[in-house]
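[1] what follows is a predicted structure for the sequence shown.
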Amino acid sequence: MQIGKSIADARTLPDLFRARIALTPHSVAYRQYDAGAGDWVNWTWEQTGDAVELWRRALAAENFPAGSRIATLIPNSVNYVLVDQAALSLGLVIVPLHLTDNPENLAYILQDSGASALIIDDPAYWTRLAPAVAGLSDLKRVVVVSQADAADDRPIDGDARAVEASLWLRAAKARESIGVQVLPEMLAAIVYTSGTTGRPKGVMLSHRNVVSNVIAVLDYVAPDSSDIFLSFLPLSHTFERTAGYYLPIAAGSAVAFSRSVALLSEDMRRVAPTVLISVPRVYERAYRRIQENLAGQGVLAQWLFNLTERIGWRRFLNSQSNPPCRLPLLQRLLWPVLDRKVAAKIRAQFGGRLRVAVAGGAPMPEIISRSFLAVGINVLQGYGMTETSPVVSVNRLEHNDPATVGEVIPGVEVRIGENDELLVRGPNVMLGYWGRPEETRRVLTPDGWLHSGDQARTQDGRIVIKGRIKEIIVTSTGEKIAPADLEQAIMQDPLFEQVMVLGEQRPFIAAIAVLNRAMMENEARKLGISGTLDDSLNSDRVHAWVLARIKRSVAQFPSYATPRKIWLTLEPWTVSAGLMTPTLKLKRQAIERDFAKEIAALYAK
């Protein structure tokens, strides 16, 4: 796409924001649901900029030196934008926190980062968090955003550092704006990775890191001022920060903030987004709902869906070929009917206007991406990591291969190193890990190559990710299994909500799994299981039945990769429980720790 000169010339995130306001001051920048009005409220770029200025004056009044860390515990909202832009314009460093994290982990991040301030929008959560951070001497100010204006200026929960936002902002109105020079090499954010193992590490990203990534992605995905994004992935994650927040600023696109994950489907239909930034888990759940609905609609509905998938997939392949080949006459005649009866109804679940659906953060099973591509939902898979700001590669609309994570974006280099590890170099590669020089040296070579920890290969100029190097299971018999591939295969069965396979230095593969409660209740009746479902869940009979289903799902794997034992539950693993990352990947060590007794029983003689 054509990038405006002022956008292309931006070197820092404040540059980018100011350039957007100057270019399209009266265009809609953000949409947010107002519960009081019962409707969505629009914010223009100019209005947003004016509100940022008030937050900027209030932060400036705290006299934090440039480089001070400002932690944010705010949901995706206009308030998040105001805080983020105000802090960045003063040369301050954002430390985004995840809303569902527990107080202990939040206190660790605040202490590790040496945060000078915390902006939090939930007074009840501040009450829970306050005791955990009472002893943090670096934390000088806590700003609590509530729904109503405060009546007085008494400290909140007896902590003299804590002040209600409306009072704090009101006191700043009369202050003069100050100028601060922000340079590209300055630190913009410390993003703590909620890794699958161990304590989170703070990834240091500069303005140059993030802006270079935004400009490169802008050329690939090509959103523009007519697009509307629906933001629901947490802004504590770099994928959403870059692709769902800073990218729309560069493009001049509007962003609507979803009310909650629970209301995501309704928000999709009401907002009707044209661009969606998501993780594969969202599409997996949607695909599963489709399959469940089809199962209840009978053989004809299933046949029509399968026919739609077959013809739709051929149409997609045809759109990717150059020159395109002519489809058989019967398929061309059938498609308008199938599109109206089947495909359009699925697209309507996403609002009916979705032009681009970018998926990243984890691998997506090819069967699912193919299904959505077949019905006209343009899923573009990409690859990245927090340490690369995050995008390394992405598919394009006109050059889309769902078996890959696309081509490397402009300005970024990749190569395959030892053990097929993907190495990345470019302006988007992090400065390092906050306060961890030794760990930084382990992953960053002196000449700038970042060790991704992912095994990959190249195919026709595109990257194919094979799996995590550290997550390869090696059994005590020497067999090697990639757990993610095995788990994806099992998850194709809608009975399974979540699954983790085990077997490292153990004699065989086993699994623990979360089942779909409604489906299991229905199946239990068919199996003639009496008593409560929870009590019978781990009976030998249920285990044998579940393992038989798994065996069918993993038939393409070697026999040694087939789980021989399983432990079942109906309670989902959640981010708030510390068992999933914000992008809904399994935290394997945490799950193994929490279910140590059950896992030990699986391998007991």
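    Thanks, I have the structure now. Numbers count the residues shown, from 1 in each chain.
[2] got the contact list for the helix or strand encompassing residue 422?
    Element membership for residue 422 (DSSP states H and E) is strand 421-425. Under the criterion CB atoms under 8 Å, 6 or more residues apart in numbering, residues 388, 392, 412-417, 447-456, 463, 465, 469 lie in contact with strand 421-425. Any C-beta I mention is one placed from the backbone N, CA and C, and that applies to glycine too.
[3] ok, residue 456 - contacts?
    Per CB under 8 Å, 6+ apart, neighbours of residue 456: 414, 416, 420-422, 463-466.
[4] out of these, which is most surrounded?
    residue 422 (26 neighbours; other CB atoms under 10 Å).
[5] in this structure residue 244 contacts residue 237, no?
    No. Using CB atoms under 8 Å, residue 244 is not in contact with residue 237, being 9.2 Å away.
[6] pLDDT averaged over the top strand by length along the chain, what's the number?
    For the chain, the strand with the greatest residue count under DSSP state E is strand 450-459. Across strand 450-459, pLDDT averages out at 94.
[7] if I've got this straight, residue 392 is in a helix?
    No. Counting by DSSP: H, G, I helix; E, B strand; the rest coil, residue 392 is not found in a helix; it is strand.
[8] any weak-confidence spans in the protein?
    Applying pLDDT under 70 to the chain flags residues 1-5, 147-155, 174, 194-198, 605.
[9] so what are the domain limits for the chain?
    Using automatic domain parsing, the domain parsing of the chain gives 5-219+232-248, 473-602.
[10] related to what we said a few turns ago, could you point out which element follows the strand holding residue 422?
    Per DSSP H and E, the helix or strand that comes after strand 421-425 is strand 432-433.
[11] show me which positions of whichever helix or strand comes after that following strand end up buried.
    Past strand 432-433, further along toward the C-terminus, the next helix or strand under DSSP H and E is helix 437-443. Residues of helix 437-443 classed as buried: 440, 443 (neighbour count, 16 or more other CB atoms under 10 Å).
[12] check stretch 215-224 too.
    For stretch 215-224, by 16+ other CB under 10 Å, it's 215-218, 220-223.
[13] which one of these is nearest to residue 43?
    residue 223 (18.2 Å; CB to CB).
[14] residue contacts, the closest one?
    1, 229, 247-248, 251, 253, 275, 356.
[15] make a markdown table out of those residues and add distance to residue 23.
    Below are those laid out as a markdown table (distance: CB to CB, whole Å):
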| residue | distance to residue 23 |
| --- | --- |
| 1 | 14 |
| 229 | 18 |
| 247 | 15 |
| 248 | 13 |
| 251 | 11 |
| 253 | 12 |
| 275 | 19 |
| 356 | 22 |
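[16] only the buried subset of those residues, as a ChimeraX command please.
    Command for ChimeraX that selects the buried part of these, burial taken from 16+ other CB under 10 Å:
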select :229,247,248,251,253,275,356
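[17] most widely separated two among the contacts of residue 223?
    So, the contacts of residue 223 by CB to CB: farthest apart are 1 and 229, at 15.5 Å.
[18] spatially nearest residue to the spatially most central residue of the chain (excluding sequence neighbours)?
    Nearest to the mean C-alpha position of the chain, by CA atoms, centre = their mean, lies residue 583 at 4.1 Å. Once flanking residues are discounted, residue 583 sits nearest to residue 361: 3.7 Å by CB to CB, 6 or more residues apart in numbering.
[19] you'd agree the one you found is in a strand?
    No. Residue 361 is assigned coil when assessed by three-state DSSP, not a strand.
[20] what is the neighbour count of it?
    26.
[21] ok so, going back, in helices, which of the contacts of residue 223 fall?
    Judged by DSSP state H, these include 247-248, 251 as members of helices.
[22] residue 404: which of these is nearest?
    Of the ones in helices among the contacts of residue 223, the one sitting nearest to residue 404 (CB to CB) turns out to be residue 247, at 21.5 Å.
[23] residue contacts, the closest one?
    Counting by CB under 8 Å, 6+ apart, residue 247 has contacts 214, 217-218, 221, 223, 253.
[24] distance check, it against residue 102.
    According to CB to CB, to the nearest Å, residue 247 stands 31 Å off from residue 102.
[25] same check, this time on residue 240
    Residue 240 is 21 Å from residue 102, by CB to CB.
[26] residue 420 too?
    36 Å.
[27] and what of residue 47?
    36 Å.
[28] chain neighbours aside, what residue packs nearest to residue 173?
    In space, residue 173 comes closest to residue 54 once its chain neighbours are excluded; the distance is 6.7 Å by CB to CB, 6+ apart.
[29] check which helix or strand covers that neighbour.
    Judged by DSSP H and E, residue 54 forms part of helix 45-60.
[30] who's in contact with that helix?
    17-18, 20-21, 24-27, 29-30, 43, 70, 78, 81-83, 85-87, 89-90, 92, 117, 143, 168-169, 171-173, 175-178.
[31] whichever of the residues you listed end up buried, select them in PyMOL.
    The buried residues among the contacts of helix 45-60 can be selected in PyMOL (16+ other CB under 10 Å) with this line:
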select buried, resi 17+18+20+21+24+27+29+30+43+70+78+81+82+83+85+86+87+89+90+92+117+143+168+169+172
